[in-house]
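Student: Predicted model, plus sequence, below.
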Amino acid sequence: MSEAPFLTKWFEIMDSDTPSRILDLIDDDFTFSILFSTDGRATDFAGGREAMEGYLAQREKGTLTHHPLAVSSTGQAEFYLGEVRRAGAVVANYVAAGQVGSSGRLERLIIGRSPGVRFAGGADV
């Protein structure tokens, strides 16, 4: 099994009591898109640092956890397939891809999350 050390750290911080610490991990020219689907409706959170601050402000803190099913990396790119759980129950699957820059910080991030497709898993990698 490959590793995705940066995205693994990212999701661990997102699951913590202080998810805003991820802002320390993003590069100056960071851009992202998180396509977030619930109840048949999707919202695209996209932009740079300011948009990420807005995403963090509206996000449920401390109720959802991210669990890896398959991870990989090649060069500066990392890939992550996981599931989101609430109180241990799976509520959605997600895929993420990130590009880590020469600064060691995240430059690009794209995440898609949906309860509509479930991948077999349940055991963390």
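Tutor: Okay, I see it.
Student: low-confidence ranges in this structure?
Tutor: 1, 121-125 (pLDDT under 70).
Student: Most distant residue from the centre of it?
Tutor: When each C-alpha in the chain is compared with the mean C-alpha position (CA atoms, centre = their mean), residue 102 comes out farthest, at 20.5 Å.
Student: now the strand or helix carrying residue 8, how far from the chain's geometric center?
Tutor: Residue 8 is part of helix 5-14, with elements assigned from DSSP states H and E. Chain-centre distance of helix 5-14: 8 Å, with CA atoms, centre = their mean, to the nearest Å.
Student: Pull the residues that contact it.
Tutor: Helix 5-14 is contacted from outside by 19, 21-22, 25, 66, 68, 71, 73, 78-80, 82, 96, 98, 100, 106, using CB atoms under 8 Å, 6 or more residues apart in numbering. From N, CA and C alone the C-beta is placed, and that goes for glycine too.
Student: Now it: buried residues?
Tutor: Neighbour counts using 16 or more other CB atoms under 10 Å place 6, 7, 8, 10, 11, 13, 14 of helix 5-14 among the buried residues.
Student: C-terminal to it, what's the next element?
Tutor: Following helix 5-14 in sequence, per DSSP H and E, is strand 26-38.
Student: how near is residue 40 to residue 114?
Tutor: The gap separating residue 40 from residue 114 is 10 Å, by CB to CB, to the nearest Å.
Student: Neighbour count: these two, which is higher?
Tutor: Shown here are residue 40 and residue 114; by other CB atoms under 10 Å, residue 114 has more neighbours (17 against 8).
Student: I figured that one was touching residue 92, is that so?
Tutor: Yes. Using CB atoms under 8 Å, residue 114 is in contact with residue 92, at 5.9 Å.
Student: hey, what's in contact with both of those two?
Tutor: Joint contacts of residue 114 and residue 92 (CB under 8 Å, 6+ apart) are residue 37.
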